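Engineer: quick check, what structure comes out for this input:
(chains A and B)
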Amino acid sequence: MSDLEKQEQNLVEWLADMREDEAFALAKKMLLEDGADPLRVLELCRNAMDIVGKRFEQGEYFLPELVLAGEMLENIGAIAKPLIKQKPGEEPKKLAKVLIGTVHGDLHDIGKNIVTFMLDINGFEVKDIGVDVPVDTFLDEIKAYGPDIVGLSGFLTLAFDSMKETIEAMQNAGLRERMKIMIGGGQVDAAVCNYTGADAFGTNAVDAVSLCKGWMGVAA
Amino acid sequence: MNAPVQTPEAKAAYDARWQRVMDCVNLKTPDRMPTAMFCTFWLAKLGGISHRELMYNYDKAKELGEQALRELEPDVHNPLLLNVAAGPVLDAVDYKQLIWPGHGLRDDQPYQYLDREYMKADEYDEFIEDPTGFYLRKYLPRVCGAFEGFEEFPDLPGLHYFRLVGGVRGFGRPKLRAAFERILKAAEEVDKFAEQHAAFTEHMSALGYPTSHISTSVAPYDLVADYFRGATGTMKDLYRNKDKLLKLLNKACTFLTRQTIAWSKASRHPIVFFPIHWGPDNFMSQEQFKTFWWPSFRQLMLNIIEAGIIPMPLWEADCTKRLEVIRDIPPGKCIYWFERTDMVRAFEVLGDVTALRGNISPSLLTTGKPDEVDAAVRHLAENVFHKGGKLILDAAFGIPDETPVENARAMYAAARKYGS
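Structural biologist: Numbers count the residues shown, from 1 in each chain, chains lettered A, B, ... in the order given. From the prediction side, this is the model:
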């Protein structure tokens, strides 16, 4: 194995193993001292995130690791992105477009953010439209963005009715049939899914990823 | 509200209700399955008023609290006013960690917590070294507008002799003086709030309804994660600042012990409620739970149990994987309240160690029918209580705000029907 290969392997492993200081120092050295291709460094980061995502799905990693991984990625990205000179090659094709937001009345965002991160590292294009999202905003965003999947998030029990109203409005606007709808949150279960008219529900980010992959016909 | 006069019948009812709960705590079989009620903005639904009115109208809150208790007749209930009618005191202290109807939220929304970093990652040492000083100069001005100006609170350790006398001058600084004036006004408002709460509690006691608890405390990890470093800040600290986090958790265990005992004594109620936020299976690994979350909370529980207090943690979300770990407490001293953990499984693992509380699902209560609620209560009565589980029946996390009244009625009626 060449020094370069060893270095690249270390970066992936250290990121995946949450060795933040070492990974960041190495990425910085590669980018600022060795003149490494920033697109290559970002690709290595994505490889590491794949491992993180798999460990999360397997129950080895939990929320702290996802949060830290997201921040490591952001910090390295902040150095790498300004160094990109050539136009990036064709971006890898995304599996599907997902629009996600916390329904009106509810301001909780941790679960939604984790789902967004997990979908992103699993190859989905995700647009996060924030918290306490009014029904009309969902409709406008769906029309403009054209998602394949809509994710409605909510932690409070008031979210049950907000989800139901949002899905009914999609139905009335003739948008319902063109996409799948998943709901998620700490209080959500099969009864809530049935009540709201969603296609499926999940209580964690792994559920969200497998639902989306299932709908898009991708092996989980 | 009239001065409380307890009739002999009401006293008998009060004693019987309380005894049911205490029998469960002591791992004895009560005369029937006790019930508990916890509710907040459900009272607004019950009375057809806005959340905002419930937060600001003491008389209405008391009226609806009484209506709920007379309607449902639970054995014990949460301190209803403290959990809802807090609008005036939140205004008075200009509390920044919540938004509520009229303060960032519409009139029909429940108050919601703002998860933020209220303490920076590089402030661990300062907090650990001098928690009181950190509260005074940093934390309080950040989370309460009334305390703005306390950044200038004089540094006391080291003052001595004439320097101590001269040091008093620092208390006259204009910003500090203005803060003191605001705080005094806020304290008067909090006094009124406390008086309203005490009047309601005494009134309901006189009618035969005991409270499940008065004071609330917090697990050390949750204190740091919810109220200081923020959820994601603390998650990162598990890697970036783990030694300091552990040190702070240890320190927090000490000052929370002191405070929990003092507040419990002041409230003259032996049960202390702990809403548990960061314990669930999905949040951290079992190893992280055993290293960071559990030891300081366990120690806090042991400390207060020694002082005669009954901890009542509400294990939010699903804590099934934690059951074997959290079993490690002295038997007959606690009430473990579960939200989404399977109660039958909890009974199997913990039945010989602790009373249990819960856990009719919020989705069932809000979207189901009374006969479905009845069936869910029956399931718990038959599979937990009648098999020897010391179960106090309640909703999973209180009565959800949107619950139809007939579903709430069905839950308590079913508990009486199947709990004998």
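Engineer: what packs against the lengthiest helix in chain A?
Structural biologist: Using DSSP state H to define each element, chain A has its longest helix at helix A:38-57. Packed against helix A:38-57 by the contact rule (3 or more CB pairs under 8 Å, 6 or more residues apart in numbering or on different chains; DSSP states H and E) you find helix A:3-16, helix A:20-28, helix A:63-80, helix A:110-121, helix A:205-215. No exception for glycine: its C-beta is placed from N, CA and C like everyone else's.
Engineer: how many degrees apart are the last one and helix A:63-80 in direction?
Structural biologist: Counting by axes from the mean of the first three to the mean of the last three CA atoms, to 10 degrees, helix A:205-215 points 70 degrees away from the direction of helix A:63-80.
Engineer: could you dump helix A:205-215 to CSV, C-alpha only?
Structural biologist: The C-alpha coordinates for helix A:205-215 follow below in CSV (Å, rounded to 0.1, in the frame of the first residue of the first chain):
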residue,chain,number,x,y,z
ALA,A,205,-33.8,7.3,11.3
VAL,A,206,-33.2,3.7,10.3
ASP,A,207,-36.9,3.2,9.7
ALA,A,208,-36.9,6.3,7.5
VAL,A,209,-34.0,5.1,5.4
SER,A,210,-35.4,1.6,4.9
LEU,A,211,-38.9,3.0,4.0
CYS,A,212,-37.4,5.3,1.4
LYS,A,213,-35.1,2.6,0.0
GLY,A,214,-38.1,0.2,-0.1
TRP,A,215,-40.2,2.7,-2.0
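Engineer: list the buried ones in that helix?
Structural biologist: A:A205, A:V206, A:D207, A:A208, A:V209, A:S210, A:L211, A:C212, A:K213, A:W215 (16 or more other CB atoms under 10 Å in any protein chain shown).
Engineer: before we move on, what about the second one?
Structural biologist: By neighbour count, with 16+ other CB under 10 Å as the criterion, the buried positions of helix A:20-28 are A:E20, A:A23, A:F24, A:L26, A:A27.
Engineer: which residues sit against it?
Structural biologist: With contacts defined as CB atoms under 8 Å, 6 or more residues apart in numbering or on different chains, helix A:20-28 is touched by A:7, A:10-11, A:14-15, A:41, A:45, A:48, A:68, A:72, A:75-76, A:79-80, B:239-240.
Engineer: give me the mean pLDDT for the helix or strand where B:K60 lies.
Structural biologist: Per DSSP states H and E, B:K60 falls inside helix B:58-72. Helix B:58-72 carries an average pLDDT of 97.
Engineer: now swap in stretch A:9-27 and tell me
Structural biologist: 97.
Engineer: could you do stretch B:381-397 as well?
Structural biologist: The average pLDDT within stretch B:381-397 is 98.
Engineer: which ones are touching residue 67?
Structural biologist: By default, I'm working from chain A. With contacts defined as CB under 8 Å, 6+ apart, A:V67 is in contact with A:I114, B:T232, B:M235, B:K236.
Engineer: oops, chain B please
Structural biologist: By CB under 8 Å, 6+ apart, B:Q67 lies in contact with B:L46, B:G47.
Engineer: that one and B:R52, how far apart?
Structural biologist: The gap separating B:Q67 from B:R52 is 19 Å, by CB to CB, to the nearest Å.
Engineer: what sits closest to A:V192 if chain neighbours are left out?
Structural biologist: B:S363 (4.5 Å; CB to CB, 6 or more residues apart in numbering or on different chains).
Engineer: any idea which element the one you found lies in?
Structural biologist: Counting by DSSP H and E, B:S363 is part of helix B:362-367.
Engineer: helices or strands up against that helix?
Structural biologist: Using 3+ CB pairs under 8 Å, 6+ apart: helix B:362-367 touches helix A:158-172, helix A:190-196, helix B:370-383, helix B:405-418.
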